[in-house]
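Visitor: I would like to see how this sequence folds:
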Amino acid sequence: MPTLSPSTGAAATVTVHAASVGPLVLAATDDALVLCCYGATETAAERLGRGGLRPVEPGEGGAPGHKVLDEARAQIDAYLSGRRRDITVPVDLRLATPFSRRTNLLLAEFVPYGRTATYAQLAEALGRPGAARAVGTALGANPLCVVLPCHRIVGATGSLSGYAGGLEAKRHLLVLEAAGTPVA
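Guide: You can find the predicted model right below:
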């Protein structure tokens, strides 16, 4: 499970990482990763602003030498190639609501690598039986896709439903984990 790290700075460096599941917008303070999402950098910048962070454009080359972003890119790539089963870069969940934070933090513990659970099962684990829709909303607002594995949550029938990166990206992540590629 990633380490929670409070970030002290008001600036977050934003870059786009070309990952095998599609481009991921990454944003980090000097201390922690605050955003890993699919979508446009403009949308990410707005989200950072609502969270009290000032988005900073990286220099040429996508912010090389930024300790947190370099580590996040390396861990994400290792995970997506099957060489890692988790991403442990320090994270800061200031962009999540309290319920979303609690829901997303429970993910890695409740649904281990290579497994899936339903929205209802996660709601029950949170002590909120009957709150499957609220769990879906919280996961939809996950500021750290891939890092906090919301892709492991599926519909009641096992169907793929709802994923910020699209169902093809969700399928790719689940197939990767189901393959059980040994960690090198």
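Visitor: Mind listing what's buried along the lengthiest strand in the chain?
Guide: The single longest strand within the chain, with elements called by DSSP state E, is strand 11-19. With burial defined by 16 or more other CB atoms under 10 Å, the residues of strand 11-19 counted as buried are A12, T13, V14, T15, H17, A19. For glycine as for every other residue, the C-beta is placed from the backbone atoms N, C-alpha and C.
Visitor: for stretch 110-128, same thing?
Guide: Residues 110-111, 113, 116-126, 128 are the ones in stretch 110-128 that count as buried (16+ other CB under 10 Å).
Visitor: Tell me the one of the residues you listed nearest T43?
Guide: Ranking the buried residues of stretch 110-128 by separation from T43, with CB to CB as the measure, puts Y119 on top at 24.3 Å.
Visitor: these two touch, right, that closest one and V135?
Guide: Yes: contact between Y119 and V135 holds when scored by CB atoms under 8 Å: they sit 4.8 Å apart.
Visitor: and for the two, which residues touch both?
Guide: Listed contacts common to Y119 and V135 are I153; contacts here mean CB atoms under 8 Å, 6 or more residues apart in numbering.
Visitor: coming back round to it: what helices and strands are in contact with the longest strand of the chain?
Guide: When contacts are defined as 3 or more CB pairs under 8 Å, 6 or more residues apart in numbering; DSSP states H and E, strand 11-19 sits against strand 22-28, strand 33-37, helix 41-50, strand 54-56, helix 67-80.
Visitor: Now with 7 Å, please.
Guide: Strand 11-19 is packed against strand 22-28, helix 41-50, strand 54-56, helix 67-80, with contacts defined by 3 or more CB pairs under 7 Å, 6 or more residues apart in numbering; DSSP states H and E.
Visitor: can I see the domain layout of the protein?
Guide: With automatic domain parsing serving as the domain definition, the record reports that the chain contains domains spanning 11-80, 98-178.
Visitor: out of these, which comes closest to D92?
Guide: Taking CB to CB as the criterion, domain 11-80 is the member of these that comes nearest to D92, at 3.9 Å.
Visitor: Done for today, thanks.
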